[in-house]
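[1] this is the structure alone, sequence omitted:
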């Protein structure tokens, strides 16, 4: 890594300054020869993928194909699994995130995550959203914190529904609201990338539609990577799509091209529902 | 036949009934299980229950009532000179009669004819009773088997009946537990009332001095016993406080390490090892406290120019704390491990460190269980006896100085009841009153803790 590269990368900025238009095509995350092992078993084989800033990239593929594993290696969430080992290189703005000098805590502040099952903390709605800003010391005063919480909830499209009951437990919300709360919680930290692991799989169609709308809006300020089992969802929300199969990245391209004219036979088979 | 033999007979009959029920059910169904409403086993249990339940009730009832009825019959048969004796002597006499009948040693030297007659009568009663019981038992159980056998038909809902019976048995078991507790509380209460007739309740609860000697003669030193429970309660609280100061932080930290930091292998080894600590008999902790820890502290005190008595609240409290560690750590570890992994990942995903996750997510979510484990520790500390008997001393000092000897409620109960005692003196009855106080203290502690937990609990799904 060259010194000037180091300078160009803000180490732990929590700035929510959106990437300017000129940078829009910049590669945000770059994966090179990524292999992931669970103990002896290899789950991912030589994955190479560029994820561009301010785009939604969807990862599709049959169950067990390694798409969630890949997603979780983008913010080193796999570190929490004892037997998991990652090889190859993943870089965020050109900086290797598996480098020894990288603090995983800073990395996760920059690369936030929303999970399959809504997992609000057993705290009030306000405290759920304020959790991240508080631990990162983003605010000096209560009013500032309240502002951040309100902005995050507004961005997640939840403000109007919860503004009168911010002190009530987050676990008391409906499934869709809980998931939007989790998105608000992630947004409040002002990450650069948001990873979403099947965020709608536990939700009904109406809640799903709301979240998809939200993802489209969030694209303005964030880079989004989403794992999904729904082909339609991938087609609706993403600009780029990557197809995984049996641990290999089979194909990745513009979403439109992937769904109309895929190169690989397996992709063709999967998106037309012939297997998987 | 004696009771064990009768129980054996009952068991054999029940087993016989079980097999009879199975084969009978299969026979009525023409050998086809699917023609039956329930599986054949249930028809077996059905007859078995019809045999065992009445038989068991009969045996238990007979055992409970036999003595009382036979005693009254025996007394009615005694000559007037004997049956008009005062209650205490009469019971002694009855004992002798029974011993004579059984061929055991008799307390009196002169055995007169009347006594021998009574013994013979008693022996006769005993034989009749047993024969009668055997006959009734066989009749009842065989009757039960016959009735149930007659009812067996393919459409008999045997499973439903057996399940109902099983539920009834479970209800009875839980009732026994509740009733026993209730009985203990009531006996504490009534004996305490007797004590409070001799010592004013206010003197007991608020009295500052404890010296429960009751004298043989009026003019003896300390003839008027002083029953002020405050020093004992203070001692109990002091030692429990010291114990919890050791057990709560150490146990909690150990639990956090085990559930959050330790690799699976380490946890698998350390946790059972810690739980072994809970299996050490408290008497071992006791002499450990008295022979090793207390002298160590006394020596340490000398180095610092402090006087620490060789039996001190400090030594007892610290050793008791070590004893309680596994209760706190093991239970807290379980509740923390039960916090869903998704909450941890949610927190890590926001860039929280491990310690932030533990402090702000895991601990609040596990709070009710943690408070519960600490509370369990407190009640162990308050009720613990052996360690304090050996290491804390007997002197009822009212002091907050942990370097001095203090005594606790449990220790005093032990000393009050050890040795030969009259059972109606204030000294012995004080034990019940002390027990009642202990019970009330733990009850209040539990209520407080429950309220705290309900108020601050953070429920996760």
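    That came through, no problem. Bear in mind the structure is a predicted one, so any value in this text is a computation, not a measurement.

[2] got the residues of chain B near chain A?
    Applying Cβ under 8 Å from any Cβ of the partner chain, we find that chain B lies next to chain A at B:263-264, B:340, B:342-353, B:356, B:360-361, B:364-365, B:458-461. Every residue, glycine included, has its C-beta placed from N, CA and C.

[3] what residues of the helix or strand of chain B with the lowest mean pLDDT count as buried?
    For chain B, the helix or strand with the lowest mean confidence is helix B:80-83, at a mean of 75 (criterion: mean pLDDT, DSSP states H and E). Of all the residues in helix B:80-83, those buried under the rule 16 or more other Cβ atoms under 10 Å in any protein chain shown are residue B:82.

[4] need the contact partners of it.
    With Cβ atoms under 8 Å, 6 or more residues apart in numbering or on different chains as the test, helix B:80-83 has contacts from B:75, B:76, B:90, B:93, B:114, B:118.

[5] residues touching the last one, list them.
    In other words, residue B:118. Contact analysis of residue B:118 by Cβ under 8 Å, 6+ apart lists B:74, B:77, B:78, B:82, B:97, B:100.

[6] just to revisit the earlier point, which among the residues of chain B next to chain A end up buried?
    Taking 16+ other Cβ under 10 Å as the criterion, what is buried in those is B:342-352, B:356, B:360-361, B:364-365, B:458, B:460.

[7] still on that earlier bit, reformat the contacts of residue B:118 as CSV; add secondary structure.
    Shown next, in CSV, are those (DSSP: H, G, I helix; E, B strand; the rest coil):
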residue, secondary structure
B:74, helix
B:77, helix
B:78, coil
B:82, helix
B:97, helix
B:100, helix
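
[8] and the two most separated of those residues?
    B:77 and B:100 (14.5 Å; Cβ to Cβ).

[9] of those two, give the one with the bigger neighbour count.
    A count of neighbours by other Cβ atoms under 10 Å in any protein chain shown puts residue B:100 above the other of residue B:77 and residue B:100, at 20 against 14.

[10] give the full set of residues in contact with the more buried one.
    Applying Cβ under 8 Å, 6+ apart, we find residue B:100 in contact with B:106, B:111, B:115, B:116, B:118, B:119.

[11] tell me how far it lies from residue B:92.
    13 Å (Cβ to Cβ, to the nearest Å).

[12] repeat for residue B:118
    Residue B:118 sits 13 Å away from residue B:92, going by Cβ to Cβ.

[13] of the contacts of residue B:100, closest to chain A?
    Set against chain A, the nearest of those by Cβ to the nearest Cβ is residue B:106 (72.1 Å).

[14] just say helix, strand or coil for that closest one.
    Look at residue B:106: counting by three-state DSSP, its state is coil.

[15] pLDDT weak spots in the stretch 351-461 of chain B?
    Within the stretch 351-461 of chain B, the set of residues satisfying pLDDT under 70 comprises B:420-423, B:457-461.

[16] oh, I was asking about the stretch 51-200 of chain A
    By pLDDT under 70, the stretch 51-200 of chain A has no low-scoring segment.

[17] can you list the residues of it near chain B?
    Residues of the stretch 51-200 of chain A found near chain B (Cβ under 8 Å from any Cβ) are A:75, A:77, A:80, A:82, A:105-110, A:112-115, A:117, A:119-123, A:131-132, A:135-136, A:169, A:171, A:182, A:185-186, A:189.

[18] the residues you listed, buried ones only, as a PyMOL selection?
    In PyMOL syntax, the buried subset of those is picked out as below (16+ other Cβ under 10 Å):
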select buried, chain A and resi 75+77+105+106+107+108+109+110+112+113+114+115+117+119+120+121+122+123+131+132+135+136+169+171+182+185+186+189
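
[19] among the residues of the stretch 51-200 of chain A next to chain B, name the ones in helices.
    Assigned to helices by DSSP state H, the following of those qualify: A:105, A:106, A:107, A:108, A:109, A:110, A:131, A:132, A:135, A:182, A:185, A:186.

[20] from those residues, which two are the most distant?
    Pairwise distances across those peak at 20.8 Å for A:106 and A:182 (criterion: Cβ to Cβ).

[21] how about the strands in chain B?
    With strands called from DSSP state E, chain B shows them at B:210-211, B:226-227.

[22] dump those strands to CSV, plus distance to residue B:157 and mean pLDDT.
    Below are those laid out as CSV (distance: least, Cβ to Cβ, whole Å; pLDDT from 0 to 100):
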stretch, distance to residue B:157, mean pLDDT
strand B:210-211, 64, 82
strand B:226-227, 62, 82
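
[23] reformat these as a markdown table; add distance to residue B:333 and mean neighbour count.
    Formatted as a markdown table, the strands of chain B follow (distance: least, Cβ to Cβ, whole Å; neighbours: other Cβ atoms under 10 Å in any protein chain shown):
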| stretch | distance to residue B:333 | mean neighbour count |
| --- | --- | --- |
| strand B:210-211 | 40 | 18 |
| strand B:226-227 | 43 | 19 |
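
[24] right, and these - which one's nearest residue B:188?
    strand B:226-227 (16.2 Å).

[25] check which helices and strands that closest one is in contact with.
    Contacting strand B:226-227 under the criterion 3 or more Cβ pairs under 8 Å, 6 or more residues apart in numbering or on different chains; DSSP states H and E are the following elements: strand B:210-211, helix B:426-456.

[26] centre of the chain versus the longest one, how much separation?
    Pointing back at helix B:426-456 there. 16 Å (Cα atoms, centre = their mean, to the nearest Å).

[27] give me the most central residue, the chain.
    Assuming you mean chain A. For chain A, the residue nearest the mean C-alpha position is residue A:195 (0.8 Å; Cα atoms, centre = their mean).

[28] right idea, wrong chain: chain B
    Nearest to the mean C-alpha position of chain B, counting by Cα atoms, centre = their mean, stands residue B:181 at 8.7 Å.

[29] and that residue, what pLDDT?
    According to the prediction, residue B:181 has pLDDT 91.

[30] please tell me how far it sits from chain A.
    As judged by Cβ to the nearest Cβ, to the nearest Å, residue B:181 and chain A stand 34 Å apart.

[31] and that residue, how far is that from residue B:450?
    Relative to residue B:450, and taking Cβ to Cβ, residue B:181 is found at 18 Å.

[32] thanks a lot, see you next time.
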